[in-house]
Structures are given as structure tokens and as C-alpha cells.
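# Sequence and computational prediction follow.
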Amino acid sequence: MKKLILVIFAVFGVLHSNAQRNVVLIIADDIGKDYCDFYPDHGTNTVNFTNVKRLLTRGVVFNNAWSNPLCSPTRAGILTGRYSFRTGVGDVVDGSNPKLSLNEKIIPKVLNIFMPDGISKACIGKWHVTTAAASGYNYPTTMGFNHFEGSLTGALGQPGQLAIGFYNWTKITNGVNSNCTNYATTENVNNAISYINSQPATKPFYLQLAFNSPHTPYHLPPSTLISATTLSGSQANITANPVPYFQAMVEAMDNEIGRFFDYLISTGKWENTDIIFIGDNGDENLVAQTNPNSSKGSVYEGGIAVPFIISGPDVVNPNRASDALVNTVDLFATIQELFGNTNWQNQIPTTIVDSKSILPILNNTETSIRSWAFSEVFRVTPLDSDGKAIRNLEYKLIKFANGTEKLFNLLLDPTEATNLLIGSMTATDVSNYNYLCSEMATLVGSGITCTTLQYNSFNANTDDVLLVQNPFQSKININGLESKDEFELYSIKGESIYKGRNIATKDFSYLSNGIYFVKLSAQNKIFKVIKD
């Protein structure tokens, strides 16, 4: 009988623990991996994430996490688990730009299908996926959250207008707007704590705590939240030296995150709360540490490689790093399954969801969940930087909307300095290009042209591709080529363009600019030539 009682108590304890499971998603606004001192490949400038690093001892830090390069598309992807080409949100939601459809099945809506009114669902802080007009003030609650308290827009004020920034901003609370003069980062944590306190102690909660920091306008945070003592806070100083103000904003956010963690500990919620920390996209170009073109808004690594930590009771063998490819859209499925909702797809059967649960990595039963990661950006007013990117563990392919494409080996070239498509490509390079391009075309379904580059058909007996250094405009001249030599000209997609002799007399001015291959069968050689 005594053993039976112990078993009953043990089972009750497990059920009680599962009923009490909470999930908190913390989103930092506009910060890439490079400023995060908990990544070994961080940039020259960093911020000491004293409190965020408290997650590491019971968590997993992901080294290869991708987001979208802009705020709204990333947030729409998190909420729906769907890529931007499905949601239609490829640009910042602003004015007449497309917003997230109210019909989308977002995280709180699906949680409510799983457990009607069984989980408290709150969004505190930045929303930025639907309109900020008065008619849209209640959209977060319309779409499934029980409570919303924060800002609907992308930025609190504008750069150079500190008076209407983080210290004086419009706050929306469940459809009602008011003026808030409390420092926004502090107010977000105050509101998060107040909401949790207002809920039944035994009711599990999902909290999306989305800070506006360190998004512009850069400013001097309250002195109680930062260590810097020499910053004047003047607009002239901020404009001339944005980096230390950016760092101060991140430090202030980290300190407020620490206050929130202390609250969870003091109320006994820390041990049964899974906490996720991410950035929504890379750094603003004002503070970018590499090429400013490789920053927020671009599908280069500086725009989409973000910090990503998951920590809490569901992590087995914590305090580890993972090289698995993960994407911010994967949070949709992961959050569902952290609450025990493993049947979520059957609850929304007609919805195409791209999200993959990270739970197998957290449970230490798998080392990966996907063979590639994907990101994209498409603006209402197109820019040359618009495009789509896909990567596996080693290679990354970017296909820009203007027709340009680039291939990088991220293991050998993490700063994306060398486009392999304009150099000598190995068989491995070509194979990865073919694979990634095919996967992108299959995923997107239209707008991506990918005829497989038949490297082996060019050259069955050698892995050497020789680059002809001088671009051609009409005629291709290759030193040592004789008029009797038989040649074949192919596009980079493997399309046969011409076969014959004496290539130097042929006029190819009609061809589009780009990369071509010349195969010389008799010499068993392939030359890569560039038309410019």
C-alpha cells in the first residue's frame, strides 16, 4: 500500500508538472549573432549578456539559426510557422504594405484549439505584423492572444526624435491606446510580470515578450540599467558614435530580462518554464561590424544569422551548443510541442506549415531537424538586395530578384567574400549548387529557374575547371585553343548552346551576361568563361 501511494503521488507530480508547463519567447529587435558574447565567432564589439547567459546552463545555444532580414516577416513566420511567400509578408508592415491575414492560424489560436481556455496567452511589447491604425488596435487579441500590451509599430519614434522614442510612446492595451512615459524596456517587463500575476497560479501560460530594443532610435537608457558613465546622450554624440548607444540599449534590455528571470525564480515558476531567446534579424547598418550591405534587410549572414537559445526543463543534457540548422519559423511547431500539442498539424489540416519542431534536439534524441534553412525578403518597392537564400551545413545559395545569384562555402568563407560561381568550381561546389537550387525551386514552386548544371557530363575524367580571366563580350578567346579543336558551349544551368570548331570566330554577343562553360573533349578540359 505504501508503494502504491508513492506511485500515485509520483504520477500526480508528473501530471501536475505538465499542467504547469509555461513557455516564454523573448525577442530582441535588430541584433545579430556578432554582438553576442556567448558565441565564439562574435565580432570585435560585443555586449556582455550577463542575464541571457543564465539560460545557457540549462539550455541549448544554436550556432546556425536563421531569421528573415526584416522585423515583420520574421514575426509573421514565428506566429504562423510559414515562410513569407506563403503569408505575403515580405516587407515591413507599414502604411499600405501587406499585413498578416487575420485568418492565419497563429500560435495562440492553435494552442486554444489544443486546450480551449486552458493556457493563458499574452503578447507584451512589439507586434508589427498588422496595421497600427485605430481599426487594428485589437488585432493581437482578435488573432488569439488573451492579452496584448505594447506597441503596434516598428519603431518607437524616429531617429533624432528621442522625446517621442523609448521615453514617450503610444501604448496599446487590448485595443485601447494611451501615452506611456515609462522607459519602454522597463515597461515591457513590468507588464509581463503584472499579466502573469493576474492569472490563476495553476494555469500554464505562453508569453511572447518582444522588446523594441535595440531597434532605433538609439538613445541613452536610464543610468540604473547601464554601466557606461561617459556617454552624453546628446543627439550629436549618438549620430557620431551609434555603437556604444546600441550596446547600452542591449545592456539595459539584458538587465531587465534579469529582473524578469528573478521574478520567475521568486514565484516558483522558473523551474517549469521553457524560455526561448532570439533576435528577429541582423544589426542595423549603422552598427554593422562587417560590410554594411551585409546587415538588416539583406539575405547575407549579417542580415539573417541571429542569436537563438532554448532553455528550461525540456532540455536534456543542457549546457551544450548545436550546429543544427534551425529557422525562426521552427518556433511555431516547437512551442506547440513544448505544451504537449504534438497533433497540431491535424488541428489545422488545410494549412501548409513549414515549421519543424526543435524538440528532438532539446530532448537530445536527434542532432538535426532539417537538411536546409531558407530565408527571403521581397519589398513592396523592390530593391536589388531582394532575394531568397537557402543553405545546408556547408554551402549557401542566394538568388536575387534581379537575376544575380551567388554561392558561398560558409565553412571556409563565413563572411561571404568569395562567390564560387565566378571562380573555379569543384565537383563538390557544383553538386551543392544543384542541390540547393533544386530544393529552393521545389519549395517556392514558381519564379525560380533551376536547370541542373551537368558538371559530370562536361568532364568525366577530371575535376578541374579552368577560369578564363578576361570577360568576353562577343567572341571567346582561349589561349592554346586550335581551330581544329571540337568545343561545346554550355550555360551554367547545363543547357547546350553550341557545338563546333574554331570558337574564336563565333559571335556570342546575343548571350546574356553571366557564366558559361566551354568543354574541349580532345584536351579533356573545361573552361569557365564570363560574359560581361
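Sure thing, it's come through.
# from here on, contacts and neighbour counts on C-alpha atoms
Noted.
# In the stretch 151-300 of the chain, where is pLDDT below threshold?
158-164 (pLDDT under 70).
# Helices of that one, residue ranges please.
184-198, 235-240, 242-266 (DSSP state H, counting those that start in this stretch).
# buried residues in the first one?
Across helix 184-198, burial judged by 16 or more other CA atoms under 10 Å covers 184-189, 191-192, 195-196.
# Likewise for the last one?
In terms of neighbour count (16+ other CA under 10 Å), helix 242-266 has its buried residues at 242-261, 264.
# Show me what it is packed against.
Under the contact criterion of 3 or more CA pairs under 8 Å, 6 or more residues apart in numbering; DSSP states H and E, helix 242-266 touches helix 184-198.
# check contacts around the nearest residue to Ser213 once chain neighbours are set aside.
Excluding its sequence neighbours, the residue lying closest to Ser213 (CA to CA, 6 or more residues apart in numbering) is Asp29, at 5.4 Å. Asp29 sits next to 71, 210-215, 279-281 when contact means CA atoms under 8 Å, 6 or more residues apart in numbering.
# Centre of the chain to the helix or strand harbouring Gly302, how far?
For Gly302, the host element (DSSP states H and E) is helix 301-304. When distances are taken as CA atoms, centre = their mean, to the nearest Å, helix 301-304 is centred 8 Å away from the chain's centroid.
# avg pLDDT for that helix?
In this model, helix 301-304 carries a mean pLDDT of 97.
# Likewise for stretch 328-346?
Mean per-residue pLDDT for stretch 328-346: 98.
# mind listing what's buried in stretch 133-152?
Of all the residues in stretch 133-152, those buried under the rule 16+ other CA under 10 Å are 137-152.
# Among the residues you listed, give me the pair with the biggest separation.
Gly144 and Ser151 (17.0 Å; CA to CA).
# Below-threshold pLDDT in the stretch 1-150 of the chain: ranges please.
1-19.
# the helices in it, which residues?
Counting by DSSP H, counting those that start in this stretch, the segments of the stretch 1-150 of the chain that form helices are 2-19, 71-80, 84-87, 107-114, 139-142.
# same thing with the stretch 351-500 of the chain?
Secondary structure of the stretch 351-500 of the chain (DSSP H, counting those that start in this stretch): helices located at 359-362, 427-444, 455-458.
# Output those helices in TSV, with mean pLDDT, distance to Pro307 and mean neighbour count appended to each entry.
Below are the helices of the stretch 351-500 of the chain laid out as TSV (pLDDT from 0 to 100; distance: least, CA to CA, whole Å; neighbours: other CA atoms under 10 Å):
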stretch	mean pLDDT	distance to Pro307	mean neighbour count
helix 359-362	98	16	19
helix 427-444	91	24	18
helix 455-458	42	37	17
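# Quick one: closest of those to Val23.
With CA to CA as the criterion, Val23 lies closest to helix 359-362 of the helices of the stretch 351-500 of the chain, at 13.2 Å.
# Show me what the closest one is packed up against.
If you count contacts as 3+ CA pairs under 8 Å, 6+ apart, helix 359-362 packs onto helix 330-338.
# Now do the helix it packs on and helix 71-80, the angle between them.
Orientation of helix 330-338 against helix 71-80 (axes from the mean of the first three to the mean of the last three CA atoms, to 10 degrees) gives an angle of 30 degrees.
# And the contacts of helix 330-338?
Identification of contacts with helix 330-338 by CA under 8 Å, 6+ apart yields 21, 23, 78-81, 107, 110-111, 274, 314, 342, 344, 354-359.
# and the direction of that helix versus that of helix 107-114, what angle?
Using the same axes, to 10 degrees: helix 330-338 against helix 107-114 is 30 degrees.
# Which elements pack onto the next helix or strand after helix 330-338?
Using DSSP H and E, the helix or strand that follows helix 330-338 in sequence is helix 344-347. Secondary-structure packing of helix 344-347 (3+ CA pairs under 8 Å, 6+ apart): helix 107-114.
# picking up where we left off before, and Arg86, which of the helices of the stretch 351-500 of the chain is closest to it?
Of all the helices of the stretch 351-500 of the chain, helix 427-444 sits nearest to Arg86, with 9.0 Å by CA to CA.
# Alpha carbons of the helix or strand hosting Val529, as CSV, please.
Using DSSP H and E, Val529 maps to strand 525-531. Provided in CSV are the C-alpha atoms of strand 525-531 (Å, rounded to 0.1, in the frame of the first residue of the first chain):
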residue,chain,number,x,y,z
LYS,A,525,39.4,20.2,-70.2
ILE,A,526,36.6,22.6,-69.1
PHE,A,527,37.0,26.4,-69.1
LYS,A,528,34.7,28.7,-67.2
VAL,A,529,34.2,31.9,-69.1
ILE,A,530,32.3,35.1,-68.1
LYS,A,531,30.3,37.3,-70.4
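# Distance from it to the middle of the chain?
Centre to centre, stretch against its chain (CA atoms, centre = their mean), the figure for strand 525-531 is 36 Å.
# That one packs against which elements?
Against strand 525-531 (3+ CA pairs under 8 Å, 6+ apart) you get strand 466-467, strand 514-520.
# right, and these - which one's nearest Thr50?
Nearest of the helices and strands packed on strand 525-531 (CA to CA): strand 514-520, 48.9 Å.
# Identify all contacting residues around the closest one.
Here strand 514-520 makes contact (CA under 8 Å, 6+ apart) with 421-422, 458-459, 485-492, 525-532.
# Which PyMOL command selects the buried ones in those?
Entered in PyMOL, the line below selects the buried ones among the contacts of strand 514-520, by 16+ other CA under 10 Å:
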select buried, resi 421+422+458+459+486+487+488+489+490+491+492+525+526+527+528+529+530+531
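# Can you tell me how far the residue most central in space within the chain is from Glu149?
Centroid check for the chain by CA atoms, centre = their mean gives Ser67 as the closest residue, at 0.6 Å. As judged by CA to CA, to the nearest Å, Ser67 and Glu149 stand 24 Å apart.
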